[in-house]
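Enquirer: A structural model of the following input is requested.
(one chain, ligands or ions: 1)
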Amino acid sequence: MILQVQNLHKSFGGLMAVKDMGLHLDQGEILAVIGPNGAGKTTLLNLLSGLFLPDRGQILLSGHDITRASPEKRCHLGLGRAFQVVRPFLEMTVFENVMVGAMFGKSGISQKEAHRHTEQVLTLTGLEPHAHKNAHDLTLMQDKRLEVARALATRPSVLLLDEVMAGLRPNEAQDAVQLVKKVRDSGVSVLFIEHVMPVVRDLADRVVVMEYGSRLAEGPYQSVVRDPKVIAAYLGEEVS
Ligand SMILES: Nc1ncnc2c1ncn2[C@@H]1O[C@H](COP(=O)(O)OP(=O)(O)OP(=O)(O)O)[C@@H](O)[C@H]1O
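Expert: Numbering: from 1, shown residues only. Okay, the predicted model is just below:
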């Protein structure tokens, strides 16, 4: 188990955004977190990456208690995150953007090592041909690749993906699915939030469904989408 969350609570004023939430991520696994709008998925990701601190509960990353660690500390311990809204350094090239992540990453590495690692990440994410383009000259799909590349540059053991497929056309989403599988095959465990069900079906080894800040259901995609609780709370009807 590379990531473990127990009894996590987070409220905003009187609103319990995350309530007694628990989940785990196994080594080499791709886990989807789905659920209706306002279910607490993004808050959960923010608690995992350290943007918010929980009111109570515990988060363990590779056995380290990171519940109250800073985002930087979590990054150094191997937690990477890619965002839905992509924010690269626009005046820098693709290569430079990834290099920044590589220099910042997990443990202190030399510039030469960071350079080599940047090249590897650009190859993995298919951005090699665009390495010397400015970040503001990229297409949406290339932007998403860069966002994933920047997160990978920090050498995470766990990658958190926040609706990275949003806005992609179906064929582009399939490319992104292949990219995330390649990332997993390179040794990174992945937890992702997603609303697009075909993406969840094609990508997730296991699915956790959230409702009202808590875990409503959990299991393989095909069993979760047939669960009457999940159909009532989220899907409205059974999906294939
Ligand atoms: N910073 C905040 N301050 C106050 N309330 C917040 C904050 N962040 C989230 N919330 C509230 O917490 C609840 C859970 O929101 P959250 O964004 O985590 O849900 P979600 O499952 O990610 O939804 P969506 O699928 O629409 O992105 C919502 O009621 C939301 O309004």
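Enquirer: contacts for the lowest-mean-pLDDT helix or strand in the chain?
Expert: Ranked by mean pLDDT, DSSP states H and E, the weakest helix or strand in the chain is strand 79-82, scoring a mean of 86. Strand 79-82 is contacted from outside by 45, 48-49, 61, 66, 147-148, 150-152, 154-162, 164, 188, using Cβ atoms under 8 Å, 6 or more residues apart in numbering. (Glycine included, C-beta is placed from N, CA and C.)
Enquirer: now the buried members of the residues you listed.
Expert: 45, 48-49, 61, 66, 147-148, 150-152, 154-162, 164, 188 (16 or more other Cβ atoms under 10 Å).
Enquirer: who in the protein is up against the ligand?
Expert: If contact is defined as Cβ under 6 Å from any ligand atom, the residues of the chain in contact with the ligand are 12, 15, 17, 35, 37, 38, 39, 40, 41, 42, 43.
Enquirer: could you pull out the helices for the protein?
Expert: In the chain, the segments counted as helices under DSSP state H are 41-49, 71-76, 94-104, 111-124, 140-153, 170-185, 197-203, 221-224, 228-230.
Enquirer: output those helices as CSV; include the columns mean pLDDT and distance to residue 3.
Expert: Formatted as CSV, these follow (pLDDT from 0 to 100; distance: least, Cβ to Cβ, whole Å):
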stretch, mean pLDDT, distance to residue 3
helix 41-49, 96, 8
helix 71-76, 89, 11
helix 94-104, 89, 20
helix 111-124, 92, 22
helix 140-153, 90, 15
helix 170-185, 90, 14
helix 197-203, 94, 17
helix 221-224, 96, 20
helix 228-230, 95, 23
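Enquirer: so which of these gets nearest residue 1?
Expert: Nearest to residue 1 among those is helix 41-49 (14.3 Å), distances taken as Cβ to Cβ.
Enquirer: from the chain's centre, how far out does the closest one sit?
Expert: Relative to the centre of its chain, helix 41-49 is centred 10 Å away, using Cα atoms, centre = their mean, to the nearest Å.
Enquirer: same check, this time on stretch 53-72
Expert: With Cα atoms, centre = their mean, you get 16 Å for stretch 53-72.
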